[in-house]
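Colleague: A structural model of the following input is requested.
(3 chains)
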Amino acid sequence: MPTPLATAHHRPQYWLMKSEPNECSIDDALAAPDATVPWTGVRNYQARNFMRDAMQVGDSVLFYHSSCPQPGIAGIARVASGTRPDPTQFDPASPYFDPRSAPEKPRWLLLDVQALRKTRLLALAELRAHPALAQMRVLQRANRLSITPVEPAEWDAILAALADPASAVA
DNA sequence: GCCAACGTTGGC
DNA sequence: GCCAACGTTGGC
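Modeller: Next up is the predicted model:
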């Protein structure tokens, strides 16, 4: 799906990025130097194009834990660099190795993500139950994109839910 | 481990 | 360029 990029005013500035916590959890990201990790392993063209064409340094990121016992939003982060080739595509020992990609013509990109803080886990079920998030991209059925834009109103609703201890599940 | 959904591949 | 087969994602 094309993203409107014609004017800076309409460029998405909020994103949700999925990470498998047994690969890189919010704690892992916070423990990294400068709390910054290279976002390796994106192997989907749409997600790559978001990084390449739309995401900019300073954009806000919901750090989402996926493929784990407790999927949901686990922290807040920011885009910390522009894109560069993802070195794992050239590494035969990496699970992200892509034999069809050549260093002189890299197929896959990454950017740096800086973790800002850990939040309480805003579980997937809680996201689904929130009326303001009904249209949220990541909640649409069978969404497999690892990077999705987040609407400003959705961002606000999520931050409000994160800040509201009454809505926290013990 | 199951399986629905969807992206990618490759034969034609 | 079609489309069936295949692989992957990711919640459950």
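
Colleague: give me the residue from chain A nearest DNA strand B.
Modeller: Of the residues in chain A, the one nearest DNA strand B is A:Ala142, at a distance of 3.0 Å by CB to the nearest atom of the strand. Bear in mind the C-beta positions are built from the backbone N, C-alpha and C, glycine included.

Colleague: and the gap between that residue and DNA strand C?
Modeller: Using CB to the nearest atom of the strand, to the nearest Å, A:Ala142 is found at 7 Å from DNA strand C.

Colleague: swap in A:Ala80?
Modeller: Spatial separation of A:Ala80 from DNA strand C under the definition CB to the nearest atom of the strand is 22 Å.

Colleague: the residue lying closest to A:Thr36 once chain neighbours are set aside: what secondary structure?
Modeller: Take A:Thr36 and drop its neighbours on the chain: the residue closest to it by CB to CB, 6 or more residues apart in numbering is A:Gln114, 4.4 Å away. Using DSSP: H, G, I helix; E, B strand; the rest coil, the structure places A:Gln114 in strand.

Colleague: right, and A:Gln114 touches A:Gly75 too?
Modeller: No. Distance between A:Gln114 and A:Gly75: 10.8 Å, which falls outside the contact criterion (CB atoms under 8 Å).

Colleague: quick one, which of these two is more surrounded?
Modeller: Of the pair A:Gln114 and A:Gly75, A:Gly75 is the one with more neighbours under other CB atoms under 10 Å, namely 25 against 19.

Colleague: what is the rounded mean pLDDT of the particular helix or strand that has that one in it?
Modeller: Counting by DSSP states H and E, the secondary-structure element that holds A:Gly75 is strand A:72-79. Across strand A:72-79, the average pLDDT comes to 97.
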